[in-house]
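Visitor: just to be clear, the model below is a prediction. Sequence and coordinates:
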Amino acid sequence: MVEVDNATLIAFTVLALLAFVVALIFTGLSVAKKSKLFVNTIGEVSAKYETDITPATYAFGIWNLIFIWQAAWLLYAFGSIWRYADGGPVLMKPDILPIEFYLFWISCCLLYIGWLFLWDREYLFYAFIDLFLLTGCGYAAVAYQSIALNNNMIGLMSKSPVDVTLVYVLVQNGTDLFFSWTTVATLLNLASALANDPLLKRNLSAKSASTISLVILGIMVLSWSLIENTVWFDYFKYVYAWYAVLLWALIAVIVKNYDRTNYNSVFSIVLLCLVVIALVVKVAVYASRIS
């Protein structure tokens with residue numbers, strides 16, 4: 001990781017907070033009926049391009065929780081600038097929130113704003129690419145922060161033990177909540193694009209497009225369960241937002257689309273069971289390794 005001085009990290013903390021505020025403003029404009037910047041609301045475009053995996057409307061309320069949690073960790077990081085321990089801000093030297101984390105997180109805010117416009121204009125495939133890049137940057141942000149915390153755990157524990165818990169709860173699970181949901185949104189966007197975007201030479205049926213997204217999600221669940229319980233255990237042992245998001249999303253998909261004659265409904269139920277099993281395995285591995 002790049003070593004920078006405290007002043008640079010403080011500047012990026014402020015930039016991250018400002019980027020979040022700008023993202024909130026554009027979100028508000030995107031749902032406002034009288035906004036001149038946007039033609040449609042997010043919900044209107046989603047309803048126009050529904051697939052077999054479009055979740056029930058209530059599921060999108062998770063954005064409220066996401067924004068609240070992002071605000072919580074950003075205010076915590078901003079407030080930590082004035083909380084000193086051992087001669088410096090509590091989250092700096094060692095750098096618990098490294099500059100790479102802030103760079104990728106700010107990039108996510110910019111990509112999110114870009115997605116709002118692409119989705120509004122119904123550029124479905126470009127919107128998918130945007131969300132894909134956003135989620136990739138999000139994964140990088142979470143990875144850099146988790147590695148920084150693990151590598152500097154002893155230093156932070158000696159300065160302020162309570163901040164270890166706060167970083168786990170607010171920063172790690174807060175950002176993981178955000179990017180777990182954008183993972184779901186990326187797959188929903190992919191299905192809509194494959195079925196409807198005229199940019200593609202040949203569109204798939206909504207059913208086939210939905211199956212592709214479900215298969216990708218299944219592969220991700222299995223792969224992540226394997227990785228986080230083995231080589232990356234120390235970095236992500238307290239991160240559970242991924243499972244909460246998947247349970248929330250899959251239940252909403254089943255609630256809206258359940259049809260026992262539709263194999264995508266069956267697949268969704270199988271995936272829901274798989275997520276529950278993966279969660280149980282994570283808890284069991286943690287219990288066995290910590291005891």
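Guide: Perfect, thanks for sending it.
Visitor: so, low pLDDT: which residues of the stretch 1-150 of the chain?
Guide: Residues of the stretch 1-150 of the chain meeting the criterion pLDDT under 70: 1-5, 86-87.
Visitor: would you map the strands across it?
Guide: When assigned using DSSP state E, counting those that start in this stretch, the strands of the stretch 1-150 of the chain occupy the ranges 84-85, 88-89.
Visitor: just tell me which of the ones you listed ends up closest to Lys36.
Guide: Shortest distance between Lys36 and the strands of the stretch 1-150 of the chain, using C-beta to C-beta, is found for strand 88-89: 41.6 Å. C-beta: built from backbone N, CA, C; applies to glycine.
Visitor: circling back: of all the strands of the stretch 1-150 of the chain, which one is nearest Val184?
Guide: Of all the strands of the stretch 1-150 of the chain, it is strand 88-89 that lies closest to Val184, at 34.8 Å by C-beta to C-beta.
Visitor: run through who's touching that closest one.
Guide: With contact meaning C-beta atoms under 8 Å, 6 or more residues apart in numbering, strand 88-89 is reached by Asn6, Leu9, Ile10, Ser80, Ile81, Trp82, Arg83.
Visitor: could you redo the last one with a cut-off of 6 Å?
Guide: Strand 88-89 has contacts (C-beta atoms under 6 Å, 6 or more residues apart in numbering) with Ser80, Ile81.
Visitor: again with stretch 122-135
Guide: Stretch 122-135 has contacts (C-beta under 6 Å, 6+ apart) with 108, 111-112, 114-115, 118-119, 179, 182-183, 185-186, 189-190, 192-193, 196-197, 199.
Visitor: which of these fall in helices?
Guide: Among the contacts of stretch 122-135, DSSP state H puts 108, 111-112, 114-115, 118-119, 179, 182-183, 185-186, 189-190, 192-193, 196 in helices.
Visitor: just the buried residues out of those, in PyMOL syntax.
Guide: Restricted to buried positions by 16 or more other C-beta atoms under 10 Å, the PyMOL selection for the ones in helices among the contacts of stretch 122-135 reads:
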select buried, resi 108+111+112+114+115+118+119+179+182+183+185+186+189+190+192+193+196
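Visitor: tell me where the chain has helices.
Guide: Using DSSP H, the helices found in the chain span residues 6-31, 42-48, 62-79, 99-120, 124-151, 153-159, 161-166, 173-196, 206-228, 233-236, 241-257, 263-290.
Visitor: deepest of these, which one?
Guide: helix 173-196 (a mean of 24; mean count of other C-beta atoms under 10 Å).
Visitor: centroid-nearest residue for this structure?
Guide: For the chain, the residue nearest the mean C-alpha position is Phe179 (0.9 Å; C-alpha atoms, centre = their mean).
Visitor: closest one to Met92 among the helices of the chain?
Guide: helix 6-31 (5.1 Å).
Visitor: now the angle from that closest one to helix 99-120?
Guide: Orientation check (axes from the mean of the first three to the mean of the last three C-alpha atoms, to 10 degrees): helix 6-31 against helix 99-120 gives 10 degrees.
Visitor: tilt between helix 6-31 and helix 62-79?
Guide: 160 degrees.
Visitor: helices and strands around helix 6-31, which ones?
Guide: The helices and strands touching helix 6-31, judged by 3 or more C-beta pairs under 6 Å, 6 or more residues apart in numbering; DSSP states H and E, are helix 62-79, helix 99-120.
Visitor: these into TSV, with extra columns for distance to Glu50?
Guide: Shown next, in TSV, are those (distance: least, C-beta to C-beta, whole Å):
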stretch	distance to Glu50
helix 62-79	18
helix 99-120	14
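Visitor: in a markdown table: the helices of the chain, plus distance to Ala56.
Guide: Output for the helices of the chain, formatted as a markdown table (distance: least, C-beta to C-beta, whole Å):
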| stretch | distance to Ala56 |
| --- | --- |
| helix 6-31 | 18 |
| helix 42-48 | 11 |
| helix 62-79 | 12 |
| helix 99-120 | 19 |
| helix 124-151 | 20 |
| helix 153-159 | 40 |
| helix 161-166 | 33 |
| helix 173-196 | 13 |
| helix 206-228 | 15 |
| helix 233-236 | 29 |
| helix 241-257 | 4 |
| helix 263-290 | 12 |
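Visitor: surely Leu194 touches Ser208?
Guide: No - using C-beta atoms under 6 Å, Leu194 is not in contact with Ser208, being 7.7 Å away.
Visitor: sounds good, over and out.
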